[in-house]
Each structure stands twice: as structure tokens, then as C-alpha cells.
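**Q** Here's my sequence, what's the structure:
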Amino acid sequence: MKLIVIDMQKALMDDELYNFTGLLENIPKLIREARENRVEVIYVQHDAGADTGFTVGREAFEIADEVAPAAGEKAFVKTINSAFGNKDFTAYLEAAKDEDLMIIGLQTNFCIDATVKSAFERGYHVIIPEGTNSTFDNDYMTGETTYNYYMNEVWPDLFADCVSMDEAIEMIRKQNP
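**A** I've put the predicted structure just below:
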């Protein structure tokens, strides 16, 4: 199993995210469990381009302190929604084709959804723990409605197993019996 942490960057860490408090509790908890059980944690960061201020070298681009990588953990930069848009990330995971991917981070309806579907199309078993992805309100839906739509309608039984936090922690712990 690999724990993929997507776009937990300073520019996106905002209390306007749906369930922001829960997100800040659940994601660090899963990262700790993964590290304690020798499950590799891999980070992915979005670079929106030089004109945006959300690019390599800018404070907004950096991974949030609450979930920052430990020494030696891999981080990949992407310029499109799916993490698989980074050829190095894709090649790195190719060797782990038989491993489950637990995907967490931001934003539900953009980079998480694109990465989940890309992973599924490549044959990975994808796991999404509850309360570990989020998004903002938009013109059509609240962040809560968007989150629930993906967790309960789009991903289950099609692209991913959506599981409780307790189930996710148990899955991680089983990696290191």
C-alpha cells in the first residue's frame, strides 16, 4: 500500500474547505499511521503556473506544515489535475502495480477525482478514507454536497472503495503485521 497525499498546499489550506477541522485531524492521523507501519507516504503538489503565484518557489506552493513530508519522503509536482500527469510519478508507481493506493487531500472534485479515476484506469485498487478529502463551495454545490456526491455516488463500487477512518487505519496496520 502507498498513501498518496495530494495538494495539501498552503494556498489551499483554508477554513472555507468543507469539514476543515476534520480534515486537519484525519490526514495527519493517517500519515502518522502510515509512517509507523512502514507504508510509504508520497506527496503530490500542484503547480498552476508562474502567473498564478501558486508555483514552485512560492510560499503558497509549499506543503502545509500540519502534513509536511518527513525526510526522505518523495514529492512530485504536477501541472494538471491528475497526479498521473507527472511522468516520474507514473513511472515510480509502475513498480508498485500490485499495491493499493490510498488517496487523500485536495480538492475532491478536481485533483482527487482525476487521480482516483486515472489510478483506476491503470489497474490500481484505490481506497479513499472518509474525511480525508475536501473542497470549497462553488456556484452549483456546497463543499459538503460535492464531497458527499463523490464519496457516496461517484467513486464507490466503480472507481474506489470509500471506507471509514477506522477501516483505513486497520488497512494500514495490516501492512506491518
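**Q** those helices in this structure, which residues are they?
**A** Secondary structure of the chain (DSSP state H): helices located at 20-36, 87-94, 113-121, 143-149, 165-173.
**Q** Comparing the ones you listed, which comes out most buried?
**A** Mean neighbour count (mean count of other CB atoms under 10 Å) peaks for helix 113-121 among the helices of the chain, with a mean of 20. Just so you know, the C-beta spots here come from the backbone N, C-alpha and C atoms, and that holds for glycine as well.
**Q** so how far is that one off the chain centroid?
**A** Offset of helix 113-121 from its chain centre (CA atoms, centre = their mean, to the nearest Å): 11 Å.
**Q** Also stretch 162-170?
**A** With CA atoms, centre = their mean as the basis, stretch 162-170 stands 15 Å off its chain's centre.
**Q** what is the mean pLDDT for it?
**A** The pLDDT scores in stretch 162-170 average 98.
**Q** So which residues make contact with it?
**A** Outside of stretch 162-170, the residues within contact range by CB atoms under 8 Å, 6 or more residues apart in numbering are 26, 29-30, 33, 102, 127-132, 151-152, 155-156, 171.
**Q** Would you check which pair of those residues lies furthest apart?
**A** 33 and 152 (24.2 Å; CB to CB).
**Q** those strands in the chain, which residues are they?
**A** Along the chain, the stretches classed as strands by DSSP state E are 2-6, 40-46, 75-78, 101-106, 126-129, 133-134, 161-163.
**Q** Check the ones you listed for me and report the most buried one.
**A** Ranked by mean neighbour count under mean count of other CB under 10 Å, the strands of the chain are led by strand 133-134, which reaches a mean of 30.
**Q** Note down every partner strand of it and its orientation.
**A** Partners of strand 133-134 in the sheet, by DSSP bridges, are strand 101-106 (parallel).
**Q** mind saving the C-alpha coords of the partner strand as PDB?
**A** Output in PDB follows, covering the C-alpha atoms of strand 101-106 (Å, rounded to 0.1, in the frame of the first residue of the first chain):
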ATOM      1  CA  LEU A 101      -3.300   3.300  -3.400                       C
ATOM      2  CA  MET A 102      -4.900   5.200  -0.500                       C
ATOM      3  CA  ILE A 103      -5.600   8.700  -1.900                       C
ATOM      4  CA  ILE A 104      -6.200  11.700   0.300                       C
ATOM      5  CA  GLY A 105      -6.000  15.500   0.000                       C
ATOM      6  CA  LEU A 106      -7.500  18.400  -2.000                       C
END
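**Q** Next, the angle helix 113-121 makes with it.
**A** If you take axes from the mean of the first three to the mean of the last three CA atoms, to 10 degrees, strand 101-106 sits at 170 degrees to helix 113-121.
**Q** pLDDT on strand 101-106, on average?
**A** Strand 101-106 comes out at a mean pLDDT of 98.
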